[in-house]
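S.K.: Got a sequence here, can you build the structure:
(4 chains)
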Amino acid sequence: MENEIGGLNPFRKETRTWLEENCPLTMRGQIKDVNDLYWGGRQGAFPSDDHKVWFERMHAKGWIAPHWDKKYGGGGLSDREHKILMEEMARLRCKPPLFSFGLAMLGPALLKFASETQKEHYLNDIVNAKIRWCQGYSEPNAGSDLAGLQMKAEDKGDHYLVNGSKIWTSFGDLADWIFCLVRTNSEGKKQDGISFMLIDMQSEGTATRPIRLISGKSPFTETFFNDVKVPKENLVGELNKGWTIAKYLLTHERQMIGGIGETDEKLNVLEIVNDAIGSVNGKLNDTILRTALARHEMNREIFALTIDRAIDEAKAGNDSGALSSLFKYYGTELNVEAMELIMSASGSDALMMDDSADKHAFLARRFLRSKGNTIEGGTSEVQLNIISKNILGLPIK
Amino acid sequence: MENEIGGLNPFRKETRTWLEENCPLTMRGQIKDVNDLYWGGRQGAFPSDDHKVWFERMHAKGWIAPHWDKKYGGGGLSDREHKILMEEMARLRCKPPLFSFGLAMLGPALLKFASETQKEHYLNDIVNAKIRWCQGYSEPNAGSDLAGLQMKAEDKGDHYLVNGSKIWTSFGDLADWIFCLVRTNSEGKKQDGISFMLIDMQSEGTATRPIRLISGKSPFTETFFNDVKVPKENLVGELNKGWTIAKYLLTHERQMIGGIGETDEKLNVLEIVNDAIGSVNGKLNDTILRTALARHEMNREIFALTIDRAIDEAKAGNDSGALSSLFKYYGTELNVEAMELIMSASGSDALMMDDSADKHAFLARRFLRSKGNTIEGGTSEVQLNIISKNILGLPIK
Amino acid sequence: MLVINEEQKMLKASVRDFLAIQSPLAALRKLRDEKNSDGIDRQLWGGMCEMGLTGLTISEAFGGLDFGYLGLGLVLEETGRTLTASPLISTVLLSTTAINLAGSAAQKKALLPELARGQLIMALAHEEKAHHDPGHVATKAELRRDGYVLNGHKTFVLDGHIADKFIVVARTAGKVDDAKGIALFLVDATAKGLKVERTQMMDSRNAAKISFENVLVPKDQLMEAGDYDTLVKIFDIGCIGLAAEMLGSAQECFERTLAYLKERRQFGVPIGSFQALQHRAAKMFIDIELCKSVVIKALKAIDDGTPDLSRMASLAKAKLGETIKLVSNEAIQMHGGIGMTDDAEIGFFLKRGRVAQQTLGDYPYHLDRFARLRGF
Amino acid sequence: MLVINEEQKMLKASVRDFLAIQSPLAALRKLRDEKNSDGIDRQLWGGMCEMGLTGLTISEAFGGLDFGYLGLGLVLEETGRTLTASPLISTVLLSTTAINLAGSAAQKKALLPELARGQLIMALAHEEKAHHDPGHVATKAELRRDGYVLNGHKTFVLDGHIADKFIVVARTAGKVDDAKGIALFLVDATAKGLKVERTQMMDSRNAAKISFENVLVPKDQLMEAGDYDTLVKIFDIGCIGLAAEMLGSAQECFERTLAYLKERRQFGVPIGSFQALQHRAAKMFIDIELCKSVVIKALKAIDDGTPDLSRMASLAKAKLGETIKLVSNEAIQMHGGIGMTDDAEIGFFLKRGRVAQQTLGDYPYHLDRFARLRGF
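M.R.: The predicted structure is shown next:
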């Protein structure tokens, strides 16, 4: 925006006016939760009439995937125009007209790695909200060792025969299709025997099972594949070269996780502790908790400064790779610590976990769920391994 | 003592009377420091006339090594009599008439592994305080990997030619002879090429250098061996079987370290912190330090209970091996923590470290010295390795 | 001697065998999932009563076994391993202790035999805030001609939803935080004006919120020695019993994690071969060994009637609270994603651990109290 | 922008090159072992003055470079790496700041040019107890006809044994812990009644105990704005400067340890291949990266004159104090027996780190202050 000296760029002006006129008021502001989004798909219903209106208007403009080529259902905007549209949507706090793993994750991968036929077919379906996608990467026996995946796709001449299972598939029970990594070669380096495949979840032999977490219900499912026949044209990219696509996609996944995470209301630790414990002469009543809280708040402030510094280093053209390697580790450790402090301060109030409307009931769930933060998206241990090997150059035994 | 119902055992009665009559009053009570002991040896002087009187009287009784055979200069006491003598000495708090690594460490090894000629020669010299011994195990490049020692003894037909160096030799500069582990075979398993050898420190090619620690002067030296000729009869036990003797001796060393350690006055953490910080209404003025101190005192009390429990388990005939595996680790970690608390409480007073008589000057040295506790006698890391492998049975990669 | 004798070993082993069959961890999940209205398995409880567990701390004169608190502690250690939901804590550890310590001769004669036979479930109603605070009692007991009239409310009353009778801490005099003026009353669950609201806790056990609106309690239901000091002693014993339970949970949780470290493979090797995890496991082992020492010492201190019971109680409760927190957090982390699922049982130790360490005072509470008792 | 510009990079690099030759760590050992009576190398100091380091925070009007505190911080970071003993902290960081903030026009005119040229070594005499306490001043300054008469004693006066002049914090009114009544005085080292006793510190640097017995100070040596608030600001700036120095020490100490982990072999492999040590190293790396962020932010806060300087100062001082403690402890442990010897240089970081973290308030002090400033 800073470069548009002397009045607004015409595209910005036009876009701003259009958005102001066309984005329903309820489609502006904070997203309440996952049910406040339109996810598309075969069974996908609009959460409200306004969601429908908003989707249809944006769809008509080609602004579901504004920067994709028009032949794929996109808006064909230039990078510059796309950036302006995003800024203007942010300015009005417009909600996304369609929220979809197809749009955010599969799409970019297809654009980069798929055949022209695949692109035209699948990308249009995504933009038209016909197909809701889910992602199948993790497996029960792989864990931190993602490349150790075992779900097998055997070449049966005219099709692949797929057997195995995936875990931690978000909304696997609501999705129409799944994009996943399968093992197509079990010899040699494990990364070299992985392929990227698209599977219709209505195929015979597929099943899903919701995963209940220690904190209660979750969007995750396990998905099972028992002698599932997958047409050969559903392979994306080269055979056994799926790991390249996976790595490309993981970057997008991290951004995505960040996005969804933020739909949960951030808790104000200091306020919650203060309310629960009380203070005398401006000092928290519990000296031990006060010390722990001070330590936490200091580290949180310094962590925020470190994010600022990373941004500034990047702006200054310095390599900030070493810096960003600590974000996942430290950010989640801080989050876990915050929930511990809240639990400690809230005492028995935070231990209640029935389905009643008690105002504290959600704390126990948030606390229990937080234990997963240092596991999902690469465990803390994996992060420390990465730092010690890649950044510090410590030797592997 | 509990079994001697109906009056004292005659030996005990006799011993008690003799000790009461013969142990000089200054030879009773707490040992002040290492200079309050008679160490013997070629240059060994008696710290006081009473030390001399006490040594000579005990020597005449054969009670320098009361339980060794008389032909080795011992007193020939039975185990039962030896135990009574020790109890009666403890009762009067008699100081040892001779304090010597020869007596405490080399002696037991010779008794078990040496030839008859070696025993008669060396043991008598120990008892007569003619020779002061030191011990050469650790090497600069070995560290936690004791068996990785490299000091070499080459067979030259009529003698061994010794080259290499030892480190952490206590009082190496004051000793006449050294008993040490040398490498006599560099092939095969490293434990299988080690021999146990006795070396006269006056041999040509030997040298010692005192080790200054971060805390200042220390009893440790480095000892250097440069083409030192060692007579073949100085080998103890079989060639390449020295590791067995070493392991046997390590047990005695641990007891010894315990003994010496105790000559340092124990610091009363609570008292020092209280004096330094002060309290209001019975509460320490610094809430953060108070929390840390409470945590420390709790763990210290529980550690003491754990030692009690280990003793009781042993008495009850239960295996307490798992329990005792934690003592070195936890005891030294607590000690280091105690010194940290003391430093924290004492502020700038404890930072002074000149040679003046400032009452706090010793704190800095004690603090700095404490950092070695988690290293010497097996690092904390080695202790944790031992627990995880031997006790928990966790697999080696 | 900080070891258990043959008789005690036998008790422990027989309870262990019983629970292995009658109440494995799956039993707790079942109670939760079927939304059992009692929150406990009455048949299981019947079995426990038959074994005499309810009478362990009741003298033979009243039909008990007079086995002592070390015995009860060993039983709690075992129920900590299986996370068995039963009225053992509410009824045996707390209420029976209260009657032993504070009851009049008549009250003992009336209640102890029933308790020993397991015919009575009782709950101690004390807490009024989210944090344990022995001296904080706002609930009032006013003396009228026909008895005491109780008004106030209580929270975190363990097993309050199934109690036949409550021991209620109320105030006959003094201000809300005064030590003086505190008294204990026996109140029937059916008393008029008494309201009980079940609250399900994170650990799938149950507590209740209770309110008293002009509840009339006959004069002979005032407990004879129910003053502040007695109350503190009940809590001290309660803390030590809870520590014994947490010891069982910590051991079981650690052993399961250790087994997982040996069995789970990543990058072609068992994850237990990674040294960083090994050292963390070794540290947990050490903490648990320390815990064993303080728990047995504290249990013996109850039976021996040593004067430093409060310090021992805080020592045990604090150390066990910290240890179960460490061990259950590490257990989830070391189990990775699997540990986050409800299917895996390991999460139940995290949940019970948090409730247990909060019950009767958490780590900061007992750390502070320990320091006070040590005079700093 | 939390990054340094080209000019600042150049300053840092030139100081680094200078120190590498003129003042490697061995220089500190030499000063200690030869029992240097100054405790500093005057020739080295001369070189630092020639580079203009003394004038970094002095305006051009008084002959300084007006480079700002970020510049001074970068220099301190480098002296933290080499553990260089010099009057940089006493004279530049503390005393020059004090004159800038509190001096009268005449005092500035008289002293700043001399300071810029490095002709004056000055020391700030404040502490009277073993723990930092800005408001605690018992030293009295009584106004007489011919000036102020000072009585009292000071401790932990950095470089007090070589100072030409002192800035003395004394009380013209009020009780010992009052904020009101505090004033700053310029006192010559040669003043009658002033006694200086050198105290050698653990880090082989020097401080002094000073006593005042009816020391007469001319009226014009009272500093104009020397009140409590100004004193606190001087300390805040001092804390941030010390944090910068500790950042240098922590980095150097960590880098040396990292190199040792790669080079030292045990059991046939480099010890840096042990995962437990790797994770501990990674955690230190993280802490140091966090430290870099808070130090640059705090240094900029001085130059920018932001109103939350006290919070930033406590944030930086606390975090760096904790980090240097962690890193230097781990450094010794990871070096094993070698680390315990005086021959190895690594122990010097432990020693300097402890003194630095204690100077102007340790971790608990600043943690508490941070909480107060944040309102809890």
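
S.K.: quick one: contacts for C:Arg372?
M.R.: Counting by Cβ atoms under 8 Å, 6 or more residues apart in numbering or on different chains, C:Arg372 touches B:Gly282, B:Lys283. Placement of C-beta: from N, CA and C, glycine included.

S.K.: repeat that with 6 Å
M.R.: Residues in contact with C:Arg372 (Cβ atoms under 6 Å, 6 or more residues apart in numbering or on different chains): none are found.

S.K.: gap between it and B:Arg290?
M.R.: Distance of C:Arg372 to B:Arg290, computed by Cβ to Cβ, to the nearest Å: 10 Å.

S.K.: continuing past the lowest-mean-pLDDT helix or strand in chain A, what's the next helix or strand?
M.R.: Using mean pLDDT, DSSP states H and E, helix A:242-261 stands out as the lowest-scoring helix or strand of chain A, at a mean of 67. Following helix A:242-261 in sequence order, the next helix or strand is helix A:269-277 (DSSP states H and E).

S.K.: residues in contact with that following helix?
M.R.: With contact meaning Cβ under 6 Å, 6+ apart, helix A:269-277 is reached by A:Leu284, A:Asn285, A:Asp286, A:Leu293, A:Ala338, A:Leu341, A:Ile342, A:Ala345, A:Ser346.

S.K.: next structured bit after it?
M.R.: strand A:279-280.

S.K.: if you look at that following strand, does any of it touch chain D?
M.R.: No. Applying Cβ under 6 Å from any Cβ of the partner chain, one finds strand A:279-280 separated from chain D by no less than 6.5 Å.

S.K.: what does stretch C:283-302 give?
M.R.: No. Against chain D, stretch C:283-302 shows no contacts by Cβ under 6 Å from any Cβ, the least distance being 10.6 Å.

S.K.: quick one: contacts of that stretch?
M.R.: Outside stretch C:283-302, the residues that touch it by Cβ under 6 Å, 6+ apart are B:302, B:305-306, B:309, B:323, B:326, B:330, B:387, C:2, C:69-70, C:73, C:237, C:240, C:243-244, C:247, C:250, C:254, C:309, C:312, C:315-316, C:319-320, C:323, C:327.

S.K.: ranges for the helices of chain A?
M.R.: For chain A, helices defined by DSSP state H occupy the ranges A:10-22, A:49-61, A:79-92, A:101, A:107-113, A:116-118, A:124-127, A:242-261, A:269-277, A:287-315, A:321-324, A:327-346, A:361-370, A:380-386.

S.K.: nearest to C:Leu124, of these?
M.R.: C:Leu124 lies closest, by Cβ to Cβ, to one member of these: helix A:327-346, at 22.1 Å.

S.K.: what's that closest one in contact with?
M.R.: With Cβ under 6 Å, 6+ apart, helix A:327-346 has contacts from A:269, A:272-273, A:276-277, A:289, A:293, A:296, A:300, A:303, A:350, A:363, A:367, A:370, A:373-374, A:380, A:383, D:286.

S.K.: for stretch C:144-157, same thing?
M.R.: Residues from elsewhere that reach stretch C:144-157 (Cβ under 6 Å, 6+ apart): A:348, C:123, C:125, C:127, C:138-142, C:170, C:207-212, C:214-219.

S.K.: Just the buried residues of the residues you listed.
M.R.: Burial by neighbour count, 16 or more other Cβ atoms under 10 Å in any protein chain shown: within those this picks out A:348, C:123, C:125, C:127, C:139-141, C:170, C:207-212, C:215, C:217.

S.K.: hmm, whichever strand or helix holds C:Ser314 touching chain A?
M.R.: Assessed by DSSP H and E, C:Ser314 sits inside helix C:309-335. Yes. Interface with chain A: helix C:309-335 contributes C:Ile332 (Cβ under 6 Å from any Cβ).

S.K.: what helices or strands is that helix leaning on?
M.R.: If contacts are counted by 3 or more Cβ pairs under 6 Å, 6 or more residues apart in numbering or on different chains; DSSP states H and E, helix C:309-335 sits against helix C:228-263, helix C:275-304, helix C:346-358, helix C:363-374.

S.K.: Is stretch A:298-318 in proximity to chain D?
M.R.: Yes. For stretch A:298-318, a contact with chain D is found by Cβ under 6 Å from any Cβ, at A:Met298, A:Ile302, A:Leu305, A:Thr306, A:Asp308, A:Arg309, A:Asp312, A:Glu313, A:Ala316.

S.K.: Hmm, the last one is touching D:Val3, no?
M.R.: Yes. The pair A:Ala316 and D:Val3 qualifies as a contact (Cβ atoms under 6 Å) at a distance of 4.6 Å.

S.K.: quick one, which of those two is more surrounded?
M.R.: Set A:Ala316 next to D:Val3 and count neighbours by other Cβ atoms under 10 Å in any protein chain shown: D:Val3 wins out with 16 against 13.

S.K.: Any of the residues of stretch A:298-318 next to chain D buried? List them.
M.R.: Buried positions within those, assessed by neighbour count (16+ other Cβ under 10 Å), are A:Met298, A:Ile302, A:Leu305, A:Thr306, A:Arg309, A:Asp312, A:Glu313.

S.K.: For the residues you listed, give me TSV that also has distance to B:Asp125 and pLDDT.
M.R.: Supplementary listing: these in TSV, determined by distance: Cβ to Cβ, whole Å; pLDDT from 0 to 100:
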residue	distance to B:Asp125	pLDDT
A:Met298	64	98
A:Ile302	64	98
A:Leu305	69	97
A:Thr306	66	96
A:Arg309	69	96
A:Asp312	74	94
A:Glu313	70	93
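
S.K.: among these, which are in reach of chain C?
M.R.: Okay, of those, nothing touches chain C (Cβ under 6 Å from any Cβ).

S.K.: per-residue confidence for C:Ser310?
M.R.: Note for C:Ser310: predicted pLDDT of 98.

S.K.: Tell me who's in contact with the residue of the stretch 151-300 of chain C found nearest chain A.
M.R.: As assessed by Cβ to the nearest Cβ, chain A sits closest to C:Gln200 within the stretch 151-300 of chain C, at 3.6 Å. By Cβ under 6 Å, 6+ apart, the residues touching C:Gln200 are A:Asp354, C:Asn206.

S.K.: the domain parsing of chain C - what is it?
M.R.: Domains of chain C are assigned by automatic domain parsing as C:6-119, C:124-221, C:228-373.

S.K.: so which of these is the most packed in?
M.R.: Comparing those by mean neighbour count (mean count of other Cβ atoms under 10 Å in any protein chain shown), domain C:228-373 comes out on top with a mean of 23.

S.K.: Next, report how far the helix holding C:Ser314 is displaced from the centre of its chain.
M.R.: From the chain centre to the centre of helix C:309-335 is a distance of 14 Å (Cα atoms, centre = their mean, to the nearest Å).

S.K.: Can you give me the neighbour number for the residue lying closest to A:Ser370 once chain neighbours are set aside?
M.R.: Leaving aside its sequence neighbours, A:Ser370 sits nearest to A:Met339 (Cβ to Cβ, 6 or more residues apart in numbering or on different chains; 4.2 Å). Residues contacting A:Met339 under the criterion other Cβ under 10 Å number 22.

S.K.: avg pLDDT for stretch A:319-338?
M.R.: Taken as a whole, stretch A:319-338 carries a mean pLDDT of 91.

S.K.: Quick check: neighbours of the worst-scoring helix or strand of chain C on mean pLDDT in the sheet, parallel or antiparallel?
M.R.: For chain C, the helix or strand with the lowest mean confidence is strand C:265-266, at a mean of 92 (criterion: mean pLDDT, DSSP H and E). As defined by DSSP bridges, the strand partners of strand C:265-266 come to strand C:269-270 (antiparallel).
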